[in-house]
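>>> This is the structure alone, sequence omitted:
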């Protein structure tokens with residue numbers, strides 16, 4: 001697949017970027033790709049539950065050309081399903097001055113597939129459902145709210161919130177009730193934010209079917225045979241997207257900045 005090229009003279013300015021779920025998959029790729037579009041002395045706050053994988057990413061970024069040119073990275077090992085996890089990310093971001101920054105960007109990428117091995121009528125345990133929604137919905141809302149409070153509107157500062165969405169936010173997938181519910185809730189959450197805060201640029205980006213660990217689980221565990229076979233077919237026919245392919249389109253959208261705030265943009269529509 002041909003990936004859209006980004007003009008080398010375009011950038012996102014000097015920015016403070018917060019990326020959740022940064023240790024692997026799409027979040028890791030976001031960190032690498034956006035680092036190429038930032039001016040020196042920009043900051044990446046990388047949040048995830050895996051300390052080792054975060055340190056590996058930090059080492060990669062630090063040793064790269066952008067790292068040598070002055071990119072600052074800060075790793076935060078956090079469980080975003082808890083209030084303390086959310087607050088630890090906010091504290092790390094607040095360590096850096098926003099005074100001479102051009103851009104504040106939050107990537108709400110962290111999320112989980114949930115149990116796809118059964119159907120809706122099996123979910124009778126409220127604690128299980130609450131735990132899923134806490135990590136996949138509540139944390140995104142609370143982290144976004146806390147960061148917008150910590151870095152309020154100021155002249156010359158662009159504030160942008162990106163929600164990594166999914167086709168599942170719009171369409172029901174049998175046996176994926178937790179995932180579809182979480183993605184739909186997050187989608188509406190950020191559409192409301194766009195209405196309430198017109199100075200904040202809000203984007204719901206659906207990256208398409210990515211070749212990640214989550215896809216491996218989906219192919220092996222999905223209860224619905226039609227959904228499971230569709231993923232198996234995409235995998236066998238080489239139709240899954242690489243994180244780099246999808247992220248290239250996301251970066252292009254952010255650079256061009258022509259989308260309506262709150263919009264849902266899918267990889268295949270761009």
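It's in. If you're wondering where the values come from, they're calculated on a predicted model, not measured in any experiment.

>>> What's the first helix or strand after the helix or strand containing residue 194?
Element membership of residue 194 [criterion: DSSP states H and E] is helix 177-196. Following helix 177-196 in sequence order, the next helix or strand is strand 200-206 (DSSP H and E).

>>> Adjacent strands (with direction) for that following strand?
Sheet pairing of strand 200-206 (DSSP bridges) gives strand 158-164 (parallel), strand 263-266 (parallel).

>>> Point out the most buried one among those strands.
strand 158-164 (a mean of 22; mean count of other CB atoms under 10 Å). All C-beta atoms are positioned from the backbone trio N, CA, C, and that covers glycine.

>>> ok so, going back, what about the helix holding residue 194, distance to the chain center?
On the basis of CA atoms, centre = their mean, to the nearest Å, helix 177-196 sits 13 Å off its chain's mean C-alpha point.

>>> Flag the shaky bits of the stretch 101-250 of the chain, pLDDT-wise.
For the stretch 101-250 of the chain, no stretch is flagged by pLDDT under 70.

>>> quick one, what contacts the residue nearest in space to the middle of the chain?
With distances taken as CA atoms, centre = their mean, the residue of the chain nearest its centroid is residue 109 (2.0 Å). The contact partners of residue 109, by CB atoms under 8 Å, 6 or more residues apart in numbering, come to 19, 20, 21, 22, 26, 27, 30, 162, 164.

>>> a markdown table for these, including secondary structure and distance to residue 52?
A markdown table is the format used below for these (DSSP: H, G, I helix; E, B strand; the rest coil; distance: CB to CB, whole Å):
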| residue | secondary structure | distance to residue 52 |
| --- | --- | --- |
| 19 | strand | 17 |
| 20 | strand | 17 |
| 21 | coil | 15 |
| 22 | coil | 13 |
| 26 | helix | 19 |
| 27 | helix | 15 |
| 30 | helix | 19 |
| 162 | strand | 26 |
| 164 | strand | 23 |
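
>>> any idea how far the residue nearest to residue 200 when sequence neighbours are not counted is from residue 152?
Nearest-residue entry for residue 200: residue 159, 4.8 Å, with adjacent residues in sequence omitted and distances by CB to CB, 6 or more residues apart in numbering. Distance, residue 159 to residue 152, by CB to CB, to the nearest Å: 9 Å.

>>> Quickly find the element holding residue 216.
Applying DSSP H and E as the criterion places residue 216 in helix 213-221.

>>> Excluding chain neighbours, what is closest to residue 257?
Computed as CB to CB, 6+ apart, the closest residue to residue 257 that is not its neighbour in sequence is residue 201, at 7.0 Å.

>>> And for residue 244?
residue 29 (5.9 Å).

>>> could you pull out the strands for this protein?
Under the criterion DSSP state E, strands of the chain are mapped to 15-20, 43-48, 72-77, 103-108, 158-164, 200-206, 263-266.
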